[in-house]
Structure formats: C-alpha cells, structure tokens
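[1] predicted coordinates and the sequence they were generated for:
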Amino acid sequence: MNADEHKVSSPVPEDGAGTGPAAGDDTGSAVDDSKASPAGEPTRLYSGIQPTGDIHIGNYLGAVANWAKLIPRYDCIYCVVDYHAITIEYDPDTMRDAVLDTATMGIACGLDPDHCTFFVQSHVSETMELAWIFSTCTAIGALERMTQFKDKAAQHKQNINAGLFTYPVLQAADILGVKADGVPVGDDQSQHLELTREIARRFNHLYGPVFPDAKTLYSPAPRILGLDGQGKMSKSQGNYIAMKDRSDMVRKKLSTAYTDPNRLRRSDPGNPDICNIFTLHKSFSSPDEVATIDAECRSAGIGCVDCKKKLGANMETAMSPIQDKYEDLTRRPDDVRDALATGADRVRALTSETMTEVRQSLGLR
Ligand code: SF4
C-alpha cells in the first residue's frame, strides 16, 4: 500500500490544512519553522481524550474542534488516553474497539494525522517510567486536594484505586514526557495542569532543569449542557448527541430537549440566554440566524419546535461531512491503526530522549 492509500486526513477544518511536522519524525526535537511562536509562546501542545464511548457534541465543541483549529499554529500531540480510562471499571472485551473508534472519530473531527501527531497512550510505555519517577516528586497532600479525584471517588465508591488517585501524575508524565509547553484545557482540568507545573518545578529544583513550564491555553468554548438541562452533556448521563448521530436521531433527541423552562406556551416570550438550544445555535448556525432567533425568541415570534428544526438542519450541515469521513475511515481501520502507530513512533522517540536526560539527572543507569 502506498503512502496515498494510507492517507486518513480529515476534510475538516479547512483552516487545519497547515504544514505540520511529518508524523513519524523520529528526530523528535524539531518543530516545523512554520509553527514557530513568538518568545514565551508555547510551541508544542499536548492533550488527550478518553476512549469511554461516543465522542458527543459537547466533547467536539468543548475540546476536539478547538484542538483541530490549533494544528496550523502549533506542534500538536493528541492522544487517546486508554491508561487513564482503566482507572474506573471498564470492559476489556470492548476497550480495543473503543480506542480505535475514538481515534477514528477524532480524525474525522479534524485531528488529521498528516498535520498533527495522534497516538494511543498505552503504545508508549516510556511514559509509565516517567510517571513512576514523578510520583516520587509529588506530595500526597497535593493529590488529595484534586477535585476530580474527590468527584470520581464519590462516583466509584467500590473501586477507589491508587491509579485513580495518581491519575494527575500520569497526566504530568504524558505532557512533560514530550516536553509540551502548552496544554489546551477546559476549566475542569486547570487544577491538574497546575499540579503538572508543580511536579516539573520540583523535579527541576531537585535534579536540574529538564522540564518546561507548561502553559495553559484557555480557548473560548461553549458550555454545552445535557439535553435534559441537568449539568454537562455526558455519555454516562445519556443526555447527549453523538457526533455519529445522523439527522433523524438528532431531530428526535432535540425534540425532547430542555429549553427555557418559563416558556410554557407558544405565545410566551422566551429567554435565549438560559436556553441550551440557543447555545447550540451559536455553535452551528450563522451569526445572522443566531441574531434572528435571539430576537424572535424574546418576542415569541418563533416557537421552540421551529427553533429546534432550524438547529437540526444546521447541525446536519455541519456534522454530515464529519460522519461521512468517519464512515469512510471505519471501512479501512488498518489505515487508522497505521496513522496511530506512526504517531506513537514519534512520541516514543520524544519520550525516550526525555528519559535519557531524566535518568542522567537522577544519577541512574
Ligand atoms: S425559541 Fe429557541 S432559543 Fe427560545 S426558548 Fe425555544 S428553543 Fe430556546
């Protein structure tokens, strides 16, 4: 099979067609000059997504679409974090397929392996060695303060394992193993990133300057609520629209979605500012259409049924090319596996280089 036959590049976003580092660049240290940033700006980004189920529109709008937009500007390394996923109960019989499916949808959503590095966490074992070393530089008290640990421990009372507790240490190793100096994060991850910085500073203080200070890249991302209006959209709550959902399913799900609870009758004026459907319009509809819906909702000029129909049509326009790409990739899974293997080769080379420095600094080997 020639290189072109292996191509799994995504059709979206159009502005993602930059000249990225060659995937599989085994020198590992060179950053494409076209992505050089002004002094102090990050050059290499890292972020990961869990293979815990369908990528839904909350994941897409809140993270993946933004990651795709960052590809032309930075040396982006993205990961399917399967080692993180095993810190809660899971089904080993379906994990391999879930990892491949998440990667396939990630590529379809714009994480184009021709222009970024995309790999699976468990394919690079050097990171685990770094996580162990970092665990010796991490105060237990700092881990105990992690809000996400407290939340997950409350959710998984039957399985509060050490991996769940040290999750942020592995996350630090993921980021710093490749010496990423920038991390695009949502609000719920900022505490973990602060711990990553603390670990890097502690290591550098004890053993010499090896690791960068990873900066936080906050991106404007809408807060997408679940269709039931109860907290974040999530697979576990069953209140989501999957990126795979075709238009009939999207319309069906939207038809029962929560809106402005005070709008009891068609003739009642609504308040789009508190309506999740309006939030979705802002992501999927044109600015003109958003302005019209804003005005017509407030004046009861449009009803929620019609408002949802418009949203459904615009979501179909935005999601269809992604779904077509996803379906194309599912017919050639070996091409996706090859792209992930190429990504893992590059990350292994980068992390091995880091580990050589780390072992020397520690006085080991
Ligand atoms: S008209 Fe649209 S924006 Fe207004 S409350 Fe209904 S669904 Fe929400």
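    Arrived safely, thanks for sending.

[2] for the protein, which residues are neighbours of the ligand?
    Contact residues, the chain versus the ligand (CB under 6 Å from any ligand atom): 259-260, 263, 270, 272, 275, 277-278, 293, 297, 302, 304, 307-308. The way it works is simple: take the backbone N, C-alpha and C, and place the C-beta from them, glycine included.

[3] go again with 5 Å.
    Residues of the chain lying close to the ligand by CB under 5 Å from any ligand atom are 259, 260, 263, 270, 272, 275, 277, 278, 297, 304, 307.

[4] would you mind giving those residues as TSV with neighbour count, pLDDT and secondary structure added?
    Converted to TSV, the residues of the chain next to the ligand look like this (neighbours: other CB atoms under 10 Å; pLDDT from 0 to 100; DSSP: H, G, I helix; E, B strand; the rest coil):
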residue	neighbour count	pLDDT	secondary structure
259	21	95	coil
260	20	93	coil
263	18	92	coil
270	26	95	coil
272	20	96	helix
275	23	95	coil
277	23	96	helix
278	21	96	helix
297	25	97	helix
304	19	97	helix
307	21	98	helix
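
[5] let me have those in JSON lines, extended by distance to residue 120.
    What follows is the residues of the chain next to the ligand, written out as JSON lines (distance: CB to CB, whole Å):
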{"residue": "259", "distance to residue 120": "39"}
{"residue": "260", "distance to residue 120": "42"}
{"residue": "263", "distance to residue 120": "45"}
{"residue": "270", "distance to residue 120": "45"}
{"residue": "272", "distance to residue 120": "41"}
{"residue": "275", "distance to residue 120": "38"}
{"residue": "277", "distance to residue 120": "36"}
{"residue": "278", "distance to residue 120": "37"}
{"residue": "297", "distance to residue 120": "44"}
{"residue": "304", "distance to residue 120": "42"}
{"residue": "307", "distance to residue 120": "40"}
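
[6] what average pLDDT does stretch 149-167 get?
    Stretch 149-167 shows a mean pLDDT of 86.

[7] quick check: buried residues in it?
    149, 152, 164, 165, 166, 167 (16 or more other CB atoms under 10 Å).

[8] contacts only, for the second one.
    Taking CB atoms under 8 Å, 6 or more residues apart in numbering, we find residue 152 in contact with 87, 88, 164.

[9] go again with 6 Å.
    Counting by CB atoms under 6 Å, 6 or more residues apart in numbering, residue 152 makes contact with residue 164.

[10] the ligand versus that one, what's the distance?
    Separation of residue 152 from the ligand (CB to the nearest ligand atom, to the nearest Å): 33 Å.

[11] which phi and psi does that residue have?
    phi -70, psi -40 (degrees, to the nearest 10).

[12] quick check: bridge partners of residue 46?
    Residue 46 has these beta-bridge partners by DSSP bridges: residue 77.

[13] count the residues that sit near it.
    27 (other CB atoms under 10 Å).

[14] between the residues of the chain next to the ligand, which is closest to residue 122?
    Comparing these against residue 122 with CB to CB places residue 277 closest, at 38.8 Å.

[15] got the contact list for the closest residue to that closest one other than its chain neighbours?
    Leaving out its chain neighbours, the residue that sits closest to residue 277 by CB to CB, 6 or more residues apart in numbering is residue 259, at 5.5 Å. Residues in contact with residue 259 (CB under 6 Å, 6+ apart) are 275, 277, 304.

[16] need those in JSON lines (columns: distance to residue 107).
    Converted to JSON lines, these look like this (distance: CB to CB, whole Å):
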{"residue": "275", "distance to residue 107": "33"}
{"residue": "277", "distance to residue 107": "29"}
{"residue": "304", "distance to residue 107": "35"}
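
[17] for these, which one is nearest residue 255?
    Once CB to CB is applied, the member of those that ends up nearest residue 255 is residue 304, at 9.6 Å.

[18] any regions of the stretch 101-250 of the chain where pLDDT drops low?
    Applying pLDDT under 70 to the stretch 101-250 of the chain picks out residues 186-189.

[19] tell me the residue of it that sits nearest the ligand?
    Residue of the stretch 101-250 of the chain nearest the ligand, by CB to the nearest ligand atom: residue 229 (10.9 Å).
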